[in-house]
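Asker: predicted model and sequence below, questions to follow.
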Amino acid sequence: MIELGLHCMNGLRLGDEPSRLERIAKLVTDPRWHAKFKLINVAHLPNTPPEPVFTGTVAAADLPEAARKALFSGAVDDVQFGVSRTASTDTARLFVKTGRYPNERSWGSSRLRLSDHDGDRIAAPWVELQHDLVDAIGARHGVIIAAPTHDLMRIETWLSNISLEGRPLHPRPEEISSYAVNKAKLGDAYLRAPRWGTYLAPEHLEKIGGRAKVIASVEPAVVRDVGPLVYFQLTEHVSDALSPSTEVKRARFEQLVAALLPPREQS
């Protein structure tokens, strides 16, 4: 099993961008999720009416209007769309931080669980969907992660380490901690280390030597423009995302952006 996830950062203040909210609302029901969202959870801003509130499941016919209601409410700080409350059947998620809270920017995360037999077929359109989401949020940086377990994906998309019997599950917990501590600066002063897919803004590319240098050094299989960003994907197929040769490419990419990574505490 492979889970795919997106984490995009340093977006626009979506509460001031109704056209972008409309685009995101439409993406909620896009068939490229390969899942139908049935749950909506919202977090409300302090000192605002706690509205709207969604209880139970949302019928497919009602989801488009419910998504708009959640995203457009001036009292909503963030929205999460889910498939199920049970981890084993919760195959897809979408989270959008609206940026309405003072001094915050918007950001987003999502994930999709792939089956072993049709992962490549499903992954390609899902990645295209994430490009649309990143552009709608106005993010300045992002990564698409391929992880072998649900818990690793939770760590990567929420930037919160998980331990089992006193030992961290993530192979580089200090890296995750550095992102959590510097979350407000990600996509601005700092970048996340590259993953299977990586979105970089023009100013980031300029600091590391440009698009051509990334192509020459990393040899990504996919390079394309996504709005003002450039997206680099290490392999064409997700079935190769966790291979040793892909990790070699990823490590070269990380070396290239090393000066833009946040400081890490040594354990």
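Answerer: Good, I have the coordinates.
Asker: tell me, how many residues neighbour Ala61?
Answerer: A total of 8 residues lie near Ala61 under the criterion other CB atoms under 10 Å. For the C-beta atoms, the positions are set from N, CA and C on the backbone; glycine is no exception.
Asker: so how far is Lys36 from it?
Answerer: Applying CB to CB, to the nearest Å, the value for Ala61 to Lys36 is 11 Å.
Asker: same question, Leu205
Answerer: Plainly put, Leu205 is 37 Å away from Lys36 if you go by CB to CB.
Asker: need the residues touching each of Ala61 and Lys36.
Answerer: Common contacts of Ala61 and Lys36, defined by CB atoms under 8 Å, 6 or more residues apart in numbering, are absent altogether.
Asker: just to revisit the earlier point, looking at Leu205 and Lys36, which is more packed in?
Answerer: Leu205 (18 against 15).
Asker: list the contacts of the more buried one.
Answerer: By CB under 8 Å, 6+ apart, the contact list for Leu205 reads Arg211, Val214, Val230.
Asker: can you list those residues in CSV and add pLDDT, distance to Ala136 and neighbour count?
Answerer: Formatted as CSV, the contacts of Leu205 follow (pLDDT from 0 to 100; distance: CB to CB, whole Å; neighbours: other CB atoms under 10 Å):
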residue, pLDDT, distance to Ala136, neighbour count
Arg211, 98, 23, 16
Val214, 98, 25, 23
Val230, 98, 17, 20
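Asker: which one among those residues gets closest to Phe95?
Answerer: Phe95 lies nearest to Val230 out of the contacts of Leu205, by CB to CB, at 24.1 Å.
Asker: what sits against the closest one?
Answerer: Tyr199, Leu200, Pro202, Leu205, Arg211, Val223, Arg224.
Asker: by neighbours, which of the residues you listed wins?
Answerer: Most crowded among the contacts of Val230, counting by other CB under 10 Å, is Tyr199 at 29 neighbours.
Asker: other SSEs contacting whichever helix or strand that residue is part of?
Answerer: Following DSSP states H and E, one finds Tyr199 within strand 197-200. Contacts defined by 3 or more CB pairs under 8 Å, 6 or more residues apart in numbering; DSSP states H and E place strand 197-200 against helix 119-137, strand 141-147, strand 229-233.
Asker: just name the most buried of these.
Answerer: Neighbour counts (mean count of other CB atoms under 10 Å) averaged over each of these peak at strand 141-147, with a mean of 24.
Asker: the nearest residue to Ile2 once chain neighbours are set aside: neighbouring residues, count only.
Answerer: Residue nearest to Ile2 in three dimensions, not counting chain neighbours: Leu114, with 4.9 Å by CB to CB, 6 or more residues apart in numbering. When neighbours are defined as other CB under 10 Å, Leu114 has 21 of them.
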